[in-house]
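Generate a structure from the sequence data that follows.
(chains A, B, C, D, E and F)
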Number of protein chains: 6
Amino acid sequence: MKLLVINPNSDAVFTDAIRQEALAVAAPGTEIDCVDVKSAPRFIDTCLDDLQAAPGMLRYVEQGESVYDAFVVACACDPNVDALRELTEKPVVGIGEASMMLAMMLGERFTILQTGLASVPKKRELVRKYGFQERCASLRAVDEASDAPMEQRLLDAGLRAIEEDFAEVIILGCAGFAGLADRMSERLGVPVVSGVASGVKIAEALAACGCRTSKRAKYRLDR
Amino acid sequence: MKLLVINPNSDAVFTDAIRQEALAVAAPGTEIDCVDVKSAPRFIDTCLDDLQAAPGMLRYVEQGESVYDAFVVACACDPNVDALRELTEKPVVGIGEASMMLAMMLGERFTILQTGLASVPKKRELVRKYGFQERCASLRAVDEASDAPMEQRLLDAGLRAIEEDFAEVIILGCAGFAGLADRMSERLGVPVVSGVASGVKIAEALAACGCRTSKRAKYRLDR
Amino acid sequence: MKLLVINPNSDAVFTDAIRQEALAVAAPGTEIDCVDVKSAPRFIDTCLDDLQAAPGMLRYVEQGESVYDAFVVACACDPNVDALRELTEKPVVGIGEASMMLAMMLGERFTILQTGLASVPKKRELVRKYGFQERCASLRAVDEASDAPMEQRLLDAGLRAIEEDFAEVIILGCAGFAGLADRMSERLGVPVVSGVASGVKIAEALAACGCRTSKRAKYRLDR
Amino acid sequence: MKLLVINPNSDAVFTDAIRQEALAVAAPGTEIDCVDVKSAPRFIDTCLDDLQAAPGMLRYVEQGESVYDAFVVACACDPNVDALRELTEKPVVGIGEASMMLAMMLGERFTILQTGLASVPKKRELVRKYGFQERCASLRAVDEASDAPMEQRLLDAGLRAIEEDFAEVIILGCAGFAGLADRMSERLGVPVVSGVASGVKIAEALAACGCRTSKRAKYRLDR
Amino acid sequence: MKLLVINPNSDAVFTDAIRQEALAVAAPGTEIDCVDVKSAPRFIDTCLDDLQAAPGMLRYVEQGESVYDAFVVACACDPNVDALRELTEKPVVGIGEASMMLAMMLGERFTILQTGLASVPKKRELVRKYGFQERCASLRAVDEASDAPMEQRLLDAGLRAIEEDFAEVIILGCAGFAGLADRMSERLGVPVVSGVASGVKIAEALAACGCRTSKRAKYRLDR
Amino acid sequence: MKLLVINPNSDAVFTDAIRQEALAVAAPGTEIDCVDVKSAPRFIDTCLDDLQAAPGMLRYVEQGESVYDAFVVACACDPNVDALRELTEKPVVGIGEASMMLAMMLGERFTILQTGLASVPKKRELVRKYGFQERCASLRAVDEASDAPMEQRLLDAGLRAIEEDFAEVIILGCAGFAGLADRMSERLGVPVVSGVASGVKIAEALAACGCRTSKRAKYRLDR
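Okay, the predicted model is just below:
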């Protein structure tokens, strides 16, 4: 099985962290290519960023359609996933949706941790788009004013989610947090789910089951 | 990786079909044991059936906890999954929930096909328990009065779901339908998701990511 | 009219408190028997507890079907109520559901007080199962670390529910709180609804109206 | 215990049917007075009708506050119930809300039968006001064009609700249908819940439990 | 175009503030008459107040039907709007609903500021009646105990809504707050939407588009 | 006041129909420019179409920001409206959202008519994004197989929405239906709301009230 993991931003350090996490969880026999979008911003946050990343992402899928068994979009806001699903019948997995799915298998309600307050409403809309709002304890941003290292700020936000919002599972709401899940889970005492790992495993699952995107309505392209 | 797939009923023919589908999608290196519950009814449908199956299911998990990396409950009503999750930190996957997750990756709305009208309300409650009702186009039962073979009746019900309820993805709502997904998908022209395959792949995903059931609240047992 | 009130746990002190509250609100002419389940745990909290209590509960209903006009399950988590409704056409009332109903007659939103944090998610799921989440201001647990007597801890939790969650009605979320409602209501200045009393009155209501459980679908047993 | 049942319209034949059903289900020791509103329309359907009935209804409650233990509004649209609850601490029960509560004890989903299409949206809004929409299979009107007797038209509509909407319980959505529940239930094979009977029993329940309307917020009048 | 703005209370100072705000936003060519209800209370808050205001409001619409192109009810609880819509085909706009609509065009979630805690549940019910609860960040009352001028208390409540509830837009939940929106918006740094202005513009919009109230079901009066 | 109405597709005939409807409802003193996107497809339907239209749409807003008081996106799927709101503080109105708002002022539930089945799921997602699903009776497509003129097919679909889905208001779900509302409303006997007219009037409303898009969170751009 061959997967293409697309980092929609242009930050190669991001891409390396993503690749590492992807390879760490891949099943034996799964080959993974990991690319980024040179013409995209270094960090994807707004709808304008999504638009800027789109052409590069579409190109990867068009060119890779006959090569890969499934595609993973490695940004937790799942940018342009719907458009990519229109392009191909091969499964396209957003790591945001994938991480919520695995989290819901581990507890009743999850909290998603974001890099900043500004990304909370967009993520809330994503949760509602998928219809998962009853399983979402809260959306929390790390303290943007703090000087502490990101991991510490994530732990602080996670702790408050557990104590104040009664979260049973924590989701790392940014692909850039790749690699932190295990350590954080040990510290927080609850499962911490990472997007890239979730996305790779769900993509494997869909490909192994021979599933293809439904072309019946939402993703139909035969005009 | 080692998975235990538990068929909660006592029908060995069922168990064979389940085993076959489980092995067909397993990743290289995944070992799968497949068992049934001798003291359970031959077919699990009602809450009373669930109660009868419970002791045998609990025993499998207690005895297998140190052996298996994850457990799969191979009945699409996900009977006793919550109780099993209290028993162990190892992931426990109900094939009902797992199949809905994969289906939601392939289209906006799914229809679940049931063996009879009586099981529709119980499945509706399951959909609501998971909070997935906005993604569910409909719940449909096959024509119980028909003499046609089950596969034909499933195709008929699936077709009506597509035409009348605008379903984009069909879920086979009974473990006993194992093995039919590919053929039906070809006939219906939309993805058809099978529970056992979904459950095995989600169990692999959780185990590969090192995820454990949250013991924070819902599944806490430390009284 | 003859009612059977089943305390699903094995604590006879519990049963006495339940019996007292049941008799206090019964209409003239209502006879009430009150029993407990010897083989059950002393306190019912988890799904595993529910399973352990099930066989004894089923036996009471099977044996009492020709004797009683309705059955009351005197645990606020409504354990095994669905299974009992499959067994008999006579009304089966869970005191959790009954107390929410009476509370909704007295104010827009209620808060349910629980004995501990661990039981909050299970109760939240119950509220969602019944579809009453828009009427639920919050679920709150008493302070488990406190040394104060339970009644004081309930008052403290109730006060916070009123002040912080804008609850208009308080529900005592455990049959073990029987007998406290009147005193607490006076102290808190809002109605406090108790489960056992609610359950007995709703059972009387159903029996007096000649209502029987629908055997059309969810509770059908004629396989 | 003394209850006042208020028929908000001016039709004395209605009032007699209501009185009969109320007395038929009352517990021993419950005294019931049954009145109608002379200045109201003969049939209550629209918001304008509700306004016309209001002054007479308010007067009954003001004058009866020291006499009655609870009030029942015997119109299935629950007109002016919120205003009456502001007037008094004694429980005020709308038969619409009461009948939905008893119905939800007997099956997963109910259908409410209306006298005409025009009253469907108002009833739908009532269901949403109470937050019970997930338990409502459908709202159906009897065939207004038919010459058949009302009972036959109700049976026809009920049958379609059972067959097409999978209703498990039927609610008679008008106080004027008093007296039909038992016969219809026998014919339809599912429980049929009548409003007046439900309202009387819920009022008894609240009064017996010593419950009073919360004056904390929604029904507060201390300006 | 000619609009009638009805202040449902009897406070002429209120009416003047309403008139001023209405005229300030009216399009060229829109004539606006602004009246109050002499027989109503000086402040409209409860359901009993609504009933008292009703006869005067109905009279204005009956008498003005041939004169005005649309009617605006200038109380943010939208009292008796449904009854007025039954009376006439001309558009009837409640300023509560209108202000929520404009607010939703400016951000994902709004907070409504109320004059006191007691009016919060009634407003929450209004939000649910319109089905806008997913767009409502919170409902907040100004500090009723404070001696500060109302504008300062509104600013304080608005600030907390922004900081604690993540509101992106503030709605002034009382017609009596007319004239404060611009200044508050500047101070708070988020849009502040006022009811009267919103109501007038939505009424203009409906009249300009030639829209008439649907008489199909909810507002039908042809009995 | 000066508005820019952007037709996101490249069909000049569309643009003319849009311009005509816009001018027909504009208030005295409102100037309206109406443009289309040359580099976009002739018809906007899919997410891929939206992406293709985006650069041209963004350019119009960037260049027009100092000239126009508000922007209207004249496609009923509201493509790229979120991105445009990030670009500017001036109000940006999608005609899909605007038409739903006006429709909700005229009846309890609306039906949106689409040009084809394929666009139904995307529109359903839009309704859910705005949180208006409880007000939506149905989404219906015209009969794509029919040879009848579009207006007849719209009437047929509208009639079925009224009869079968109990719609009280019909929304024309495509900017290309501009100009048909009045005639259809007369034929169907219920209000028919058109997108372009709604969008222009809501844009006027926001601009007249001095409203600006909230930059607090969702539409913040100050990274």
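
and after the lowest-mean-pLDDT helix or strand in chain A, which helix or strand comes next?
When the helices and strands of chain A are compared on mean pLDDT, DSSP states H and E, helix A:119-130 comes out lowest with a mean of 94. Next helix or strand after helix A:119-130 toward the C-terminus (DSSP states H and E): strand A:136-141.

how about that next one, does it get close to chain B?
No - on the criterion Cβ under 8 Å from any Cβ of the partner chain, strand A:136-141 is out of touch with chain B, staying 9.0 Å away. No exception for glycine: its C-beta is placed from N, CA and C like everyone else's.

one step back: please identify the buried residues of the least confident helix or strand of chain A?
For helix A:119-130, the buried set under the neighbour-count rule, 16 or more other Cβ atoms under 10 Å in any protein chain shown, comprises A:119-130.

next one: stretch A:3-18
A:3-11, A:14-15, A:17-18.

got it, and stretch A:37-48?
Buried, per 16+ other Cβ under 10 Å, within stretch A:37-48: A:37, A:40-41, A:43-48.

Dump those residues into JSON lines; add distance to chain C, secondary structure and pLDDT as well.
Converted to JSON lines, these look like this (distance: Cβ to the nearest Cβ, whole Å; DSSP: H, G, I helix; E, B strand; the rest coil; pLDDT from 0 to 100):
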{"residue": "A:Val37", "distance to chain C": "40", "secondary structure": "coil", "pLDDT": "98"}
{"residue": "A:Ala40", "distance to chain C": "40", "secondary structure": "coil", "pLDDT": "96"}
{"residue": "A:Pro41", "distance to chain C": "39", "secondary structure": "coil", "pLDDT": "95"}
{"residue": "A:Phe43", "distance to chain C": "35", "secondary structure": "coil", "pLDDT": "92"}
{"residue": "A:Ile44", "distance to chain C": "34", "secondary structure": "coil", "pLDDT": "91"}
{"residue": "A:Asp45", "distance to chain C": "32", "secondary structure": "coil", "pLDDT": "90"}
{"residue": "A:Thr46", "distance to chain C": "33", "secondary structure": "coil", "pLDDT": "93"}
{"residue": "A:Cys47", "distance to chain C": "31", "secondary structure": "helix", "pLDDT": "95"}
{"residue": "A:Leu48", "distance to chain C": "36", "secondary structure": "helix", "pLDDT": "95"}
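
and these near chain F, which?
Counting by Cβ under 8 Å from any Cβ, the members of those near chain F are A:43, A:45-48.

which residues sit in contact with the spatially most central residue of chain A?
Centroid-nearest residue in chain A: A:Ile95, 2.3 Å away (criterion: Cα atoms, centre = their mean). By Cβ atoms under 8 Å, 6 or more residues apart in numbering or on different chains, A:Ile95 lies in contact with A:72-76, A:78, A:175, A:195-196, A:198-199.

likewise A:Ile44?
By Cβ under 8 Å, 6+ apart, A:Ile44 lies in contact with A:8-9, A:50, A:53, A:75, A:77, A:79.

swap in A:Ser214?
B:106-107, B:168-169, B:190-191.

And the pLDDT for the residue nearest to the centre of chain A?
For A:Ile95, the pLDDT comes out at 98.

A:Asp222 now?
On pLDDT, A:Asp222 comes in at 60.

With A:Phe177 instead?
Confidence score, pLDDT, at A:Phe177: 89.

now it: how far from chain F?
18 Å (Cβ to the nearest Cβ, to the nearest Å).

quick one: terminal-to-terminal distance for stretch A:77-92?
One end of stretch A:77-92 sits 14 Å from the other (Cα to Cα, to the nearest Å).

With stretch A:127-140 instead?
Stretch A:127-140 end-to-end distance (Cα to Cα) = 13 Å.

Report how many residues lie close to whichever residue of chain A sits closest to chain D.
Nearest residue of chain A to chain D (Cβ to the nearest Cβ) works out as A:Glu134 at 11.3 Å. Neighbour count for A:Glu134, taken as other Cβ atoms under 10 Å in any protein chain shown: 19.

ok, now the one 3 residues further on?
By the measure other Cβ under 10 Å, the count of residues near A:Ala137 is 21.

Settle this for me: it is touching A:Ile170, isn't it.
No - in this structure, A:Ala137 is not within contact of A:Ile170 by Cβ atoms under 8 Å, at 9.6 Å.

follow-up on the earlier one: let me have the buried residues of helix A:119-130 in JSON lines, extended by distance to D:Val142.
Listed next are the buried residues of helix A:119-130 as JSON lines, based on distance: Cβ to Cβ, whole Å:
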{"residue": "A:Ser119", "distance to D:Val142": "53"}
{"residue": "A:Val120", "distance to D:Val142": "50"}
{"residue": "A:Pro121", "distance to D:Val142": "47"}
{"residue": "A:Lys122", "distance to D:Val142": "48"}
{"residue": "A:Lys123", "distance to D:Val142": "48"}
{"residue": "A:Arg124", "distance to D:Val142": "44"}
{"residue": "A:Glu125", "distance to D:Val142": "43"}
{"residue": "A:Leu126", "distance to D:Val142": "45"}
{"residue": "A:Val127", "distance to D:Val142": "42"}
{"residue": "A:Arg128", "distance to D:Val142": "38"}
{"residue": "A:Lys129", "distance to D:Val142": "40"}
{"residue": "A:Tyr130", "distance to D:Val142": "40"}
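
in what helix or strand does A:Val200 lie?
Short version, using DSSP H and E: A:Val200 is in helix A:195-208.

Ignore what I typed, I meant A:Val193.
Going by DSSP H and E, A:Val193 is in strand A:192-194.

quick check: mean pLDDT across that strand?
98.

Packing partners of that strand?
Packing partners of strand A:192-194 (3 or more Cβ pairs under 8 Å, 6 or more residues apart in numbering or on different chains; DSSP states H and E): helix A:95-104, strand A:169-172, helix A:181-188.

The residue of chain A closest to chain D and chain E: what is the separation?
According to Cβ to the nearest Cβ, A:Glu134 and chain E sit 12 Å apart.

where does that residue land on pLDDT?
Reported pLDDT for A:Glu134: 94.

who are the neighbours in contact with it?
Neighbouring residues of A:Glu134 by Cβ under 8 Å, 6+ apart: B:131, C:128, C:133.

Repeat that for A:Ala12.
Applying Cβ under 8 Å, 6+ apart, we find A:Ala12 in contact with A:Asp36.

Pull up the residues of chain A that are close to chain F.
So chain A meets chain F at A:43, A:45-48, A:50-51, A:54-55, A:58, A:80, A:82-83, A:86-87, A:117-118, A:120-122, A:125, A:128-129, A:131, A:217-218, A:220-221, A:223 (Cβ under 8 Å from any Cβ).

Thanks a lot, see you next time.
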